[in-house]
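Asks: This is the structure alone, sequence omitted:
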């Protein structure tokens, strides 16, 4: 996926690392701000980010980009409980992302997939 950036967080030993989520700053559908501590943020497996309201009322739990379902986005800790693992050391993305499909295209995509459970798509 072009333009995707992952942060690598060192864990215990020198050869252990993990990728951090981008924590995109907005809903791709309505452009609502979704700060790193937002309980309203939903993501698909590609980190497409939408607010809970749009997922429930506009796109029926169908990602307009990949067709997958959504889960609540985790909250990145504000405190550095482990070295390098906090929102200050691994800041969220500041790049706003917007839908690349027209609303009528999204509606057709959602209609085609909404009755298929995410685990069966």
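Replies: Cool, got the structure. The model shown is predicted, which means the values in this text are computed figures rather than measured ones.

Asks: Contacts only, for residue 70.
Replies: Neighbour list for residue 70: 42-44, 50, 55, 61, 63, 118 [criterion: Cβ atoms under 8 Å, 6 or more residues apart in numbering]. Where you see a C-beta, it was placed from the backbone N, CA and C, and this is true even at glycine.

Asks: ok, so of those residues, who is nearest residue 99?
Replies: residue 50 (9.5 Å; Cβ to Cβ).

Asks: What is the burial count for that closest one?
Replies: Neighbourhood size, residue 50 [other Cβ atoms under 10 Å]: 30.

Asks: and it, that's in a helix?
Replies: No: read with DSSP: H, G, I helix; E, B strand; the rest coil, residue 50 is strand and lies in no helix.

Asks: my read: it touches residue 42, true?
Replies: Yes: the criterion here is Cβ atoms under 8 Å, and residue 50 meets it with residue 42 at 5.2 Å.

Asks: Any stretches of this structure with poor pLDDT?
Replies: In the predicted model, the chain carries pLDDT under 70 at residues 1-18.
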